[in-house]
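In: next one to model:
(one chain, ligands or ions: 1)
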Amino acid sequence: MPELVVGPMLRYVDETDASVWVETSEPCEVTVEVGGTRSRAATFTVHGHHYAIVDVSHEGTYEVRLDGEIVWPLPDHPPSRIRLLGPGGPRRVMFGSCRTSVPHDTLHTISHGVDVLRAYGCTMMGAPEEDWPDLLLLLGDQVYADEPSSEMLEFIKNRRDGEPVGEIADFEEYAELYRQAWTDPEIRWLLSTVPTAMIFDDHDLRDDWNTSATWREQMARVPWWPRRVISGLGAYWVYQHLGNMSPEERASDDVLTRLCKAEGDGAEILDAFAEHSDAVPTDNRWSYSRDLGDTRLIMLDSRCARQLDPGDRRMIDPVEWEWFTEQLRREGVKRFLIGTSVPFLLPAGIHHIQNWNEKLAQGGWGPRVARWSERLRQYVDLEHWAAFRRSFEDMARLLARTDKPVIILSGDVHYSYVAKADGLPVYQLVCSPIRNPLSRTLRLANIVAQFGVATLIGGWLARLAKIPKPSMKWRIAHGPWFSNAVATLTLDTDPPSARWDTAAATEISEVSTVRLP
Ligand SMILES: [Fe+2]
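Out: Sure, this is the predicted structure:
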């Protein structure tokens, strides 16, 4: 009899449609029943795993059946609900990034802190529905393929020896990595009830993924890397990207169409697509946009879409950039939300240092300094928008011309803050990590380096390397906060506000609330 392996996960939701994603233990028919109305989809198979996404157009509590047998909700849990968006769009948008999935025992709570998303799930179960977020944006590092937990290492040890040691090798291990990340009962319930939109960051594939052309050359020489990148992008497509698409987008998606039509296992179809999307990023777009009432959400791929030619480095390749600028031309919306895993506005000093490092790594001070700068770039993660100065300036010019408020949401840096552009309604909100805090020493080092030393020497280094001043001015208005956190943007108040929450055990507590006038 088929069983649920992962999910149900409530994914794409708008005013009329919702999508429920599942992984099952064998091929079957998946039925989602809401208030007596049943919607169905058959599973497709990839690498021996079975998946389905079911479109629903009703609101209310729901059940999931596999070949007619009820498998969800789980006993002892509140029922899962589908809530469509109102005409005004989401009132509350929750976001966060960087979540390691390790056990919730004392030892791991000491090393990794409390999983704030899980604690939020516990709180939500007892809270009135009006207080629930309408949408959750996961902004990268949903899984850590390069730092598996001890459970994951055990799984790997039981199936193979050899390379890569202590890392994910293939689709089978990715499937287990996602299963472990998303099936704690509270997380599972939260993901069944709060719709999610996701975009990857480096650890979903590997630390420093696509930081530079040199990095790609180095990885191309690693024997196990081709299989890893193909599995990582294939698994990302199944576990994260599929639910990002609207029903219309899915209906015209070539990969899904072929997987659904495939006789038996569609692994070759998915692998070929993943391989090509890594080799020729301009042929595929992981970025997407959604109109949510009067808010347009644009989720930008700032990892796979990078153009890394040393002579013309760009955060977003020209084809995808053209798509992005088109999305910002939308008339009739009240605001834009831009999700990009890596922050656009950083503390000023570290912005200058990333500018300086990029110029030197490209040979600005000769080949020997270039090699040293590349090592520094990889070692301390100098890879945000500031490390792609041309793209930073393109974005700054674009935002300066937009008359609507723009709220940029990011993660990755393992601390949270708010930056505000001078004289423009442009905000950078950062929330990181959900569960992967810096040690106390590293927090102190970060404050000293990013907010102290970098401020003192960053501008000087940039001037020394003859780098023009950024065309946009901004300041860090609030933060940094270093605790594990999720943030919630409230959009139905005037002005909107954002609140960061942390957790102790299963109790949520406020870190800070910031108005965004
Ligand atoms: Fe990251």
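In: ranges for the helices of the stretch 201-350 of the chain?
Out: Along the stretch 201-350 of the chain, counting by DSSP state H, counting those that start in this stretch, helices occupy 202-205, 213-220, 225-236, 247-251, 254-261, 267-279, 318-328, 348-361.
In: what's near enough to touch the residue of the stretch 401-517 of the chain found nearest the ion?
Out: Residue of the stretch 401-517 of the chain nearest the ion, by Cβ to the ion: Asp412 (3.9 Å). In this view, the C-beta of every residue, glycine as well, is placed from N, C-alpha and C. Contacts for Asp412 (Cβ atoms under 8 Å, 6 or more residues apart in numbering) come out as 97-98, 139-141, 201-202, 341-343, 384, 432.
In: close to the ion: what parts of the stretch 51-200 of the chain are there?
Out: Asp141 (Cβ under 5 Å from the ion).
In: the stretch 51-200 of the chain: strands as residue ranges?
Out: Taking DSSP state E, counting those that start in this stretch as the test, the strands found in the stretch 51-200 of the chain are 60-66, 69-72, 80-82, 92-96, 135-138, 196-198.
In: the longest one: how far from the chain's middle?
Out: In other words, strand 60-66. From the chain centre to the centre of strand 60-66 is a distance of 27 Å (Cα atoms, centre = their mean, to the nearest Å).
In: pairing partners for it, with directions?
Out: strand 29-34 (antiparallel), strand 69-72 (antiparallel), strand 80-82 (antiparallel) (DSSP bridges).
In: redo those strands as TSV? Include mean neighbour count and mean pLDDT.
Out: Shown next, in TSV, are the strands paired with strand 60-66 (neighbours: other Cβ atoms under 10 Å; pLDDT from 0 to 100):
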stretch	mean neighbour count	mean pLDDT
strand 29-34	21	98
strand 69-72	16	96
strand 80-82	21	96
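In: got those strands as a markdown table, with distance to Pro480 columns?
Out: Shown next, in a markdown table, are those (distance: least, Cβ to Cβ, whole Å):
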| stretch | distance to Pro480 |
| --- | --- |
| strand 29-34 | 42 |
| strand 69-72 | 40 |
| strand 80-82 | 35 |
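In: got a pLDDT number for the residue of the stretch 401-517 of the chain closest to the ion?
Out: The model reports Asp412 with a pLDDT of 95.
In: how much space between it and Arg440?
Out: Remark: distance between Asp412 and Arg440 (Cβ to Cβ, to the nearest Å) = 20 Å.
In: same question for Met1.
Out: For Met1, the distance to Arg440 - Cβ to Cβ - is 50 Å.
In: where does the stretch 51-200 of the chain dip in pLDDT?
Out: Scanning the stretch 51-200 of the chain for pLDDT under 70 picks out no residues.
In: which one of the contacts of Asp412 has the most neighbours?
Out: Ser97 (32 neighbours; other Cβ atoms under 10 Å).
In: wait, isn't that one in contact with Asp141?
Out: Yes. At 5.7 Å, Ser97 counts as touching Asp141 under the criterion of Cβ atoms under 8 Å.
In: quick check on His49: phi, psi?
Out: Backbone torsions for His49, taken as degrees, to the nearest 10, come to phi -110, psi 150.
In: just give me the neighbour total for Trp224.
Out: By other Cβ under 10 Å, 16 other residues sit near Trp224.
In: do I have it right that it meets Val165?
Out: No. Counting by Cβ under 8 Å, Trp224 does not reach Val165; the two are 9.7 Å apart.
In: spell out which parts of the stretch 401-517 of the chain neighbour the ion.
Out: Asp412.
In: which parts of the stretch 401-517 of the chain are strands?
Out: Using DSSP E, counting those that start in this stretch, strands in the stretch 401-517 of the chain cover 406-410, 416-421, 426-430, 474-481, 486-490, 497-504, 507-515.
In: pipe those strands into a markdown table and attach mean neighbour count and distance to Ser212 per row.
Out: Shown next, in a markdown table, are the strands of the stretch 401-517 of the chain (neighbours: other Cβ atoms under 10 Å; distance: least, Cβ to Cβ, whole Å):
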| stretch | mean neighbour count | distance to Ser212 |
| --- | --- | --- |
| strand 406-410 | 25 | 20 |
| strand 416-421 | 24 | 25 |
| strand 426-430 | 26 | 23 |
| strand 474-481 | 17 | 25 |
| strand 486-490 | 24 | 30 |
| strand 497-504 | 20 | 32 |
| strand 507-515 | 14 | 34 |
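In: would you turn those strands into JSON lines with distance to Phe171?
Out: Formatted as JSON lines, those follow (distance: least, Cβ to Cβ, whole Å):
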{"stretch": "strand 406-410", "distance to Phe171": "29"}
{"stretch": "strand 416-421", "distance to Phe171": "33"}
{"stretch": "strand 426-430", "distance to Phe171": "32"}
{"stretch": "strand 474-481", "distance to Phe171": "37"}
{"stretch": "strand 486-490", "distance to Phe171": "29"}
{"stretch": "strand 497-504", "distance to Phe171": "33"}
{"stretch": "strand 507-515", "distance to Phe171": "35"}
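In: so what's the residue lying closest to Gly89 once chain neighbours are set aside up against?
Out: Distances taken as Cβ to Cβ, 6 or more residues apart in numbering place Gly293 nearest to Gly89, at 2.3 Å, with adjacent residues excluded. Applying Cβ under 8 Å, 6+ apart to Gly293 gives the contacts 15, 85-90.
In: if we go to 10 Å?
Out: Going by Cβ atoms under 10 Å, 6 or more residues apart in numbering, Gly293 touches 14-15, 85-91, 134, 333-334, 491-492.
In: check Glu358 too.
Out: Taking Cβ under 10 Å, 6+ apart, we find Glu358 in contact with 212, 310, 313, 364, 373, 377, 382-383, 386-390, 392, 465, 467.
In: filter those residues down to the buried ones.
Out: Using 16 or more other Cβ atoms under 10 Å as the burial test, those include 212, 313, 364, 373, 377, 382-383, 386-389, 392, 465, 467 as buried.
In: among those residues, which ones are in helices?
Out: Counting by DSSP state H, the buried ones among the contacts of Glu358 place 373, 377, 389, 392 in helices.
In: how much space is there between the spatially most distant residue from the centre of the chain and the ion?
Out: Ranked by distance from the centre of the chain (Cα atoms, centre = their mean), the top residue is Gly366, with 36.3 Å. Taking Cβ to the ion, to the nearest Å as the measure, Gly366 falls 30 Å from the ion.
In: and His77, by the same measure?
Out: 32 Å.
In: can you tell me the helix or strand for Leu398?
Out: Assigned by DSSP states H and E, Leu398 falls within helix 389-401.
In: tell me which strands and helices that helix is in contact with?
Out: Contacts defined by 3 or more Cβ pairs under 10 Å, 6 or more residues apart in numbering; DSSP states H and E place helix 389-401 against helix 318-328, strand 335-340, helix 348-361, strand 406-410, strand 416-421, strand 426-430.
In: lowest-confidence stretch among those?
Out: Among these, helix 348-361 carries the lowest mean pLDDT (a mean of 92).
In: what's the angle from it to helix 213-220?
Out: Put simply, helix 348-361 runs at 70 degrees to helix 213-220, going by axes from the mean of the first three to the mean of the last three Cα atoms, to 10 degrees.
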